[in-house]
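> sharing a model prediction with you, sequence too.
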Amino acid sequence: MSDSKLQIAIALLVVFSFSLLAWLVQPESVVDGLVWYSILPPVIAVAFAIATRRLLVSLAAGVILGSILINVPSSVTQLSAWGSSFITLGLHFWSVVSDPFNLAVLAFIMFMLTMVSIVILSGGLLAIVKWLERYAKGPRSTQFIITFMGFLVFIDDYANVMIVGTSMRPISDSMRVSREKLAFIVDATAAPISGIALMSTWIGYEVGIFSDVSTSLGLGREAYSMFLDALSFRFYCIFMILFIFVNIWSRREFGGMLIAEQRSRAGEVSAPDAILLSNVDDTIEPDKSARVRMSTAFFPFGILFFILFLGLWIDGGGMVLFAEAPMSIFSFSSWREVISAAENNVHVLNIAGLFALLTAMFCAIVIATLPKRSIGQAIKKGAKSAFYPWQILILAWTLSGICNELQTGPFLVAVVGDAMPVIIYPVIVFILSAAAAIATGTAWGTMAIFIPITSQIAFQLDGGTYGLVTIMSLAAVLDGAIFGDHCSPISDTTVMSSIATSCDHIHHVKTQFPYALLVAAGAIGLGYIPAMVGMPLWLAMIFVLGFFSLFLLLVAKKVNA
């Protein structure tokens, strides 16, 4: 039997075994409707992904197991229950593939990968590489440039990942920065920056959840003010940004990242056993007849940003503000209000991606003077490269929906309850949110589940007032969700980071996890706990910089340029 057939057989055996275990072991629920086996589907999916590196099989195993656990445990001997599992699976799958939000994300991935293939063919990225090589003198300066790009594309994490990952990959390769390190920087400057930026597509979502909390608890506080209150307690996001700078400056790496960077310095930026979610860069090369100009890359990316900001301005009611006060378009507060009010962020991004693709085609014909046949081949290869990541995301979203029906998140909250010392409550909230995000692969879903639940407990611990515990619990959920999102192999942002950087996905997860865990440890030990006893953010930042520097000095090894 081949290895692939053996792994599939083992996956099915594990699914069947855990289904029987859920039927045999049915203790009293922690809370009515919550069951212990709700955590099994994501645990199986994550464990199989890491053990076998066969992501599709692993996700499929989690999805099938979840569908069975929804129907079978209470009536394992009834054939109708097993049949209902297939119906449940079909309904969740259809819910995913028919959801406009999901379709927009899938379309955006195809638009971006196709656009990048055309930009590569026309020599646009090659021209940018040659220009940036004047500033990227080596691996360290290249990593700083990648980080700087991550700060520039702060408006949306999806846009950040796809734009920075695809545009900086050629420069990163030429300077012998490993694909794993590129994927880490891209991933670590996406959600952490978009999540705390005063203006981003995340703000509208976060503020919307905060608004519901304010209403349900009777706080009488404006939702954006609650976001600002929590901002100084967003320790994971803030500390991750600090860690990136300390890590790059020190040139020290540890764990799997050390092996990857040592390998890349020897001239092998991608692992020999790498399995790429998208290999557009390996199938498309600059056309030798192309007129190499940076404009063939700048115009498509410029159009992407222009349409994105214009679309968010219109969607968020900016035209009303402009009619009342034309100068509002130059006002930071107006942009903050507009972006927070935007309700169709991903669809705007999708439209921007389509216009960017059309612009890339126009530039390839007019500026690079490429024949239409060559452009057609690039479009075909770019679009084809999106099919595998589509499968990954669809399965990941299906698993997330099944976890929601099994109430995986509420079960994790109920296990802990509210009987705990007040000083460690934000830490527990952070850990539980991280666990849920790892299990479900969604930061936004984790936020939606945990914020209403944990804020009610925190409000009671605060004595029925909007106090420090409540504010920090809101921050802890947001940051825990982002931390878990970074560690989860089924997270859409993590998958997209691997796609954009052409990095083996499991390698990306394995090399990023120790770094994310170190930052999370700093957030807990030097962030949440000290903040509960009054330590200000600036002092926590000084301490954590010292902690990161000392850790890298004692544990990590220097990678020569």
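In hand now; what should we look at? What you are looking at is a predicted structure, and each value in this text was computed from that prediction instead of being measured.
> what distance do you get for residue 440 to residue 447?
When distances are taken as C-beta to C-beta, to the nearest Å, residue 440 and residue 447 turn out to be 11 Å apart. C-beta: built from backbone N, CA, C; applies to glycine.
> of those two, who's got more company?
Set side by side, residue 440 and residue 447 give different neighbour counts by other C-beta atoms under 10 Å, the larger being at residue 440 (28 against 25).
> wait, isn't that one in contact with residue 400?
Yes - taking C-beta atoms under 8 Å as the contact criterion, residue 440 and residue 400 are neighbours in contact, 4.9 Å apart.
> overlap of the contact sets of those two?
Common contact partners of residue 440 and residue 400 (C-beta atoms under 8 Å, 6 or more residues apart in numbering): residue 490.
> pretty sure residue 149 belongs to a helix, no?
Yes - counting by DSSP: H, G, I helix; E, B strand; the rest coil, residue 149 falls inside a helix.
> what is the helix or strand that residue 236 is a member of packed up against?
In this structure, residue 236 sits in helix 235-250 according to DSSP states H and E. Under the contact criterion of 3 or more C-beta pairs under 8 Å, 6 or more residues apart in numbering; DSSP states H and E, helix 235-250 touches helix 139-152, helix 179-188, helix 191-196, helix 468-487, helix 505-523, helix 537-554.
> same list (the ones you listed) but as a markdown table, adding mean pLDDT.
Written out in a markdown table, the entries for the helices and strands packed on helix 235-250 read as follows (pLDDT from 0 to 100):
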| stretch | mean pLDDT |
| --- | --- |
| helix 139-152 | 87 |
| helix 179-188 | 92 |
| helix 191-196 | 85 |
| helix 468-487 | 89 |
| helix 505-523 | 92 |
| helix 537-554 | 93 |
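> nearest to residue 431, out of these?
For the helices and strands packed on helix 235-250, distance to residue 431 was read as C-beta to C-beta. The smallest value, 6.7 Å, belongs to helix 468-487.
> that closest one vs helix 179-188, what angle?
With axes from the mean of the first three to the mean of the last three C-alpha atoms, to 10 degrees defining the directions, helix 468-487 sits at 150 degrees from helix 179-188.
> got the angle for helix 468-487 vs helix 235-250?
In this structure, helix 468-487 runs at an angle of 50 degrees to helix 235-250, with the same axes, to 10 degrees as the basis.
> what's downstream of helix 468-487, the next helix or strand?
Proceeding N to C from helix 468-487, the next assigned helix or strand is helix 492-501, under DSSP H and E.
> CA atoms only: put that next one into PDB for me.
Provided in PDB are the C-alpha atoms of helix 492-501 (Å, rounded to 0.1, in the frame of the first residue of the first chain):
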ATOM      1  CA  ASP A 492      -6.800  31.400   6.200                       C
ATOM      2  CA  THR A 493      -4.300  34.100   6.800                       C
ATOM      3  CA  THR A 494      -1.600  31.500   7.500                       C
ATOM      4  CA  VAL A 495      -2.500  29.600   4.400                       C
ATOM      5  CA  MET A 496      -2.400  32.800   2.300                       C
ATOM      6  CA  SER A 497       1.000  33.700   3.800                       C
ATOM      7  CA  SER A 498       2.300  30.400   2.500                       C
ATOM      8  CA  ILE A 499       0.600  31.000  -0.900                       C
ATOM      9  CA  ALA A 500       2.000  34.500  -1.300                       C
ATOM     10  CA  THR A 501       5.500  33.600  -0.400                       C
END
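> circling back to that earlier point, make JSON lines from the helices and strands packed on helix 235-250 and add distance to residue 43 and mean neighbour count to it.
Output for the helices and strands packed on helix 235-250, formatted as JSON lines (distance: least, C-beta to C-beta, whole Å; neighbours: other C-beta atoms under 10 Å):
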{"stretch": "helix 139-152", "distance to residue 43": "31", "mean neighbour count": "20"}
{"stretch": "helix 179-188", "distance to residue 43": "22", "mean neighbour count": "29"}
{"stretch": "helix 191-196", "distance to residue 43": "23", "mean neighbour count": "25"}
{"stretch": "helix 468-487", "distance to residue 43": "13", "mean neighbour count": "28"}
{"stretch": "helix 505-523", "distance to residue 43": "15", "mean neighbour count": "23"}
{"stretch": "helix 537-554", "distance to residue 43": "29", "mean neighbour count": "16"}
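> export those as JSON lines, with columns for distance to residue 408.
Shown next, in JSON lines, are the helices and strands packed on helix 235-250 (distance: least, C-beta to C-beta, whole Å):
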{"stretch": "helix 139-152", "distance to residue 408": "31"}
{"stretch": "helix 179-188", "distance to residue 408": "23"}
{"stretch": "helix 191-196", "distance to residue 408": "21"}
{"stretch": "helix 468-487", "distance to residue 408": "12"}
{"stretch": "helix 505-523", "distance to residue 408": "20"}
{"stretch": "helix 537-554", "distance to residue 408": "31"}
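> wait, which of those is closest to residue 92?
helix 468-487 (20.7 Å).
> could you give the angle of the closest one to helix 492-501?
Going by the same axes, to 10 degrees, helix 468-487 makes 40 degrees with helix 492-501.
> please shift the residue numbers so they start at 22 in all later answers.
Right, with 22 as the first residue, what we last looked at is helix 489-508.
> so how far is helix 489-508 off the chain centroid?
Relative to the mean C-alpha coordinate of its chain, helix 489-508 is positioned 15 Å out (C-alpha atoms, centre = their mean, to the nearest Å).
> and that helix, C-alpha only, in CSV?
Provided in CSV are the C-alpha atoms of helix 489-508 (Å, rounded to 0.1, in the frame of the first residue of the first chain):
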residue,chain,number,x,y,z
LEU,A,489,-9.6,47.3,34.2
VAL,A,490,-10.6,43.6,34.0
THR,A,491,-13.3,44.2,31.4
ILE,A,492,-11.0,46.4,29.3
MET,A,493,-8.1,43.9,29.5
SER,A,494,-10.4,40.9,28.7
LEU,A,495,-11.5,42.6,25.5
ALA,A,496,-7.8,43.1,24.5
ALA,A,497,-6.9,39.6,25.6
VAL,A,498,-9.5,38.0,23.3
LEU,A,499,-8.4,40.1,20.3
ASP,A,500,-4.7,39.3,20.8
GLY,A,501,-5.3,35.6,21.8
ALA,A,502,-7.3,35.2,18.6
ILE,A,503,-4.5,36.6,16.5
PHE,A,504,-1.9,34.5,18.3
GLY,A,505,-3.9,31.4,17.7
ASP,A,506,-4.5,32.4,14.2
HIS,A,507,-0.7,32.5,13.7
CYS,A,508,-0.2,29.1,15.1
